[in-house]
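Participant: heads up, no residue letters with this:
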């Protein structure tokens, strides 16, 4: 599951009868190796009804404290393990071309040469690598401090790595037509035993001006309307629903600053004005559309004037027609997408890793570099004061559809015990690669054993190839993962025999 949900090993698939949402979780355990039913009933929580993995966190200094509102727990049931994805690997390609950053690669496990691993390649030969608040920074080994740069994922890869937090088209069937902040008790009527008959649902999107429209949309009849993310009950963290079986539901999580706001916007009149805002990392990142004028801005929260502005012109939004709008803050880049086309982009490269940590933790450079306190940078609580806040604002009558919030993958820092600090997770523990080494991480960072945490090197590999822990020597790379040719099959009449051909896909 270290690459989930990008790629899946054996898993348990679920679909909620309240929201229609489909997702997979890591298996509990099976009775034998033949996909026999597991030895206890499985209950999972619909991720479109709660973000309950973060609720037990008591975050010192956080402006918003998460509150407990358990969502819809599917009635317990026996499940068969579904086989994982079967993939094609291009073994010859790296004989012709060098591996590139963010490739998904297959290689021999440096800690156990009998195993093949699959991870995403993030560090290249000759580089120094550092994970900073979820993103990847690199410079060439020996380069000055001003050579550090954030490494942005190519667009076709980034589009596949957005992880949904919520989308209004998955609003529970039994939810009341109310956008107030108080969690509502819902009688689902789906579980005769009573175990899941009642659940609590807190609206992810709150408003004093918008009202619900046809259950899954939002309607503002006139004037200025604001729709704000319910940070208190839906804190944006790096929770991965796939991990429900193996990680404690109360385990603390890291706030994620890289987000995508999206909505289908249908104005009553042409040329509507709107704004989308994300407050995180001590700044407000925003896009404004005023008729045909568009502006991307970055503004420190303690001042009233933006320190970065980028403008462009577009065709005004048409009346009576749905226009899909997405505003992204990802990998230190602001992006406006309209109908799946990138309209305006502003990459900001003026933050060093230390500055990024300053904004993420509200600590001074001296505090960040203090070796006596550096382990505090590994703790989720250190980052909770910068829990993201998200807001839509519209001027005029408008109807919204598919209003959603997605997050980017977040590479966590790593430590084990009192002495082991993961590679590339602190300024004092960067990964320094020689000309034959690569650094690889799993997409499911909370549950991935990867370059951060490899503490051993296989004896044969150490003696014949490379004894450096945490890196992947060039000779161990088998090839590039290319295509899922046999996804996990459908279950029918208790059997998993029907191939899910609709999920055959190129691996990005």
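Facilitator: Now that the structure is in, tell me what you want to look at. Note that the structure is a prediction, hence the values are computed from the model and not measured.

Participant: got any ranges where the stretch 151-300 of the chain has weak pLDDT?
Facilitator: The model of the stretch 151-300 of the chain has pLDDT under 70 over residues 180-197, 245-252.

Participant: all strands for it, in order.
Facilitator: 163-167, 184-187, 198-201, 205-206, 211-213, 217-220, 224-229, 259-267, 273-280, 283-290, 293-300 (DSSP state E, counting those that start in this stretch).

Participant: name the element the residue lying closest to residue 229 once chain neighbours are set aside belongs to?
Facilitator: Computed as CB to CB, 6 or more residues apart in numbering, the closest residue to residue 229 that is not its neighbour in sequence is residue 390, at 3.8 Å. For every residue, glycine as well, the C-beta is placed using N, CA and C. In this structure, residue 390 sits in strand 389-395 according to DSSP states H and E.

Participant: same for the next helix or strand after that strand, what does it pack against?
Facilitator: For strand 389-395, the following helix or strand on the C-terminal side (DSSP H and E) is strand 398-407. Applying 3 or more CB pairs under 8 Å, 6 or more residues apart in numbering; DSSP states H and E, we find strand 398-407 packed against strand 163-167, strand 217-220, strand 224-229, strand 259-267, strand 389-395.

Participant: recalculate using a threshold of 10 Å.
Facilitator: Here strand 398-407 touches strand 163-167, strand 205-206, strand 211-213, strand 217-220, strand 224-229, strand 259-267, strand 323-329, strand 389-395, going by 3 or more CB pairs under 10 Å, 6 or more residues apart in numbering; DSSP states H and E.

Participant: in contact with residue 286, which residues?
Facilitator: Shown in contact with residue 286 (CB atoms under 10 Å, 6 or more residues apart in numbering): 275-279, 295-299, 306, 327, 329, 334, 391, 393.

Participant: what about 7 Å?
Facilitator: Residues in contact with residue 286, defined by CB atoms under 7 Å, 6 or more residues apart in numbering, are 275, 276, 277, 297.

Participant: need the max-distance pair from those.
Facilitator: 276 and 297 (11.1 Å; CB to CB).

Participant: so for these two, which residue has more residues nearby?
Facilitator: Using other CB atoms under 10 Å, the more surrounded residue of residue 276 and residue 297 is residue 276, with 24 against 21.

Participant: may I have the beta-bridge partners of residue 289?
Facilitator: Taking DSSP bridges as the rule, residue 289 bridges to residue 274, residue 294.

Participant: ok, it - how many residues close by?
Facilitator: Considering only other CB under 10 Å, residue 289 is surrounded by 26 other residues.

Participant: and if you look at the one 5 residues further on?
Facilitator: For residue 294, the count of nearby residues is 18 (other CB under 10 Å).

Participant: that one and residue 114, how far apart?
Facilitator: Distance, residue 294 to residue 114, using CB to CB, to the nearest Å: 55 Å.

Participant: which stretches of this structure have low pLDDT?
Facilitator: In the chain, residues with pLDDT under 70: 28-41, 52-69, 180-197, 245-252, 492-497.

Participant: how about the helices in it?
Facilitator: Taking DSSP state H, the helices of the chain run over residues 93-96, 155-161, 353-361, 365-369, 459-464.

Participant: pull the distance from the fourth one to the chain's centre.
Facilitator: Right, helix 365-369. Distance of helix 365-369 from its chain centroid, counting by CA atoms, centre = their mean, to the nearest Å, is 28 Å.

Participant: the last one now?
Facilitator: Computed by CA atoms, centre = their mean, the separation of helix 459-464 from the middle of its chain amounts to 36 Å.

Participant: and that helix, what does it pack onto?
Facilitator: The contact analysis (3 or more CB pairs under 7 Å, 6 or more residues apart in numbering; DSSP states H and E) places helix 459-464 against no helix or strand.

Participant: which residues touch that helix?
Facilitator: For helix 459-464, contacts defined as CB under 7 Å, 6+ apart pick out 110, 113.
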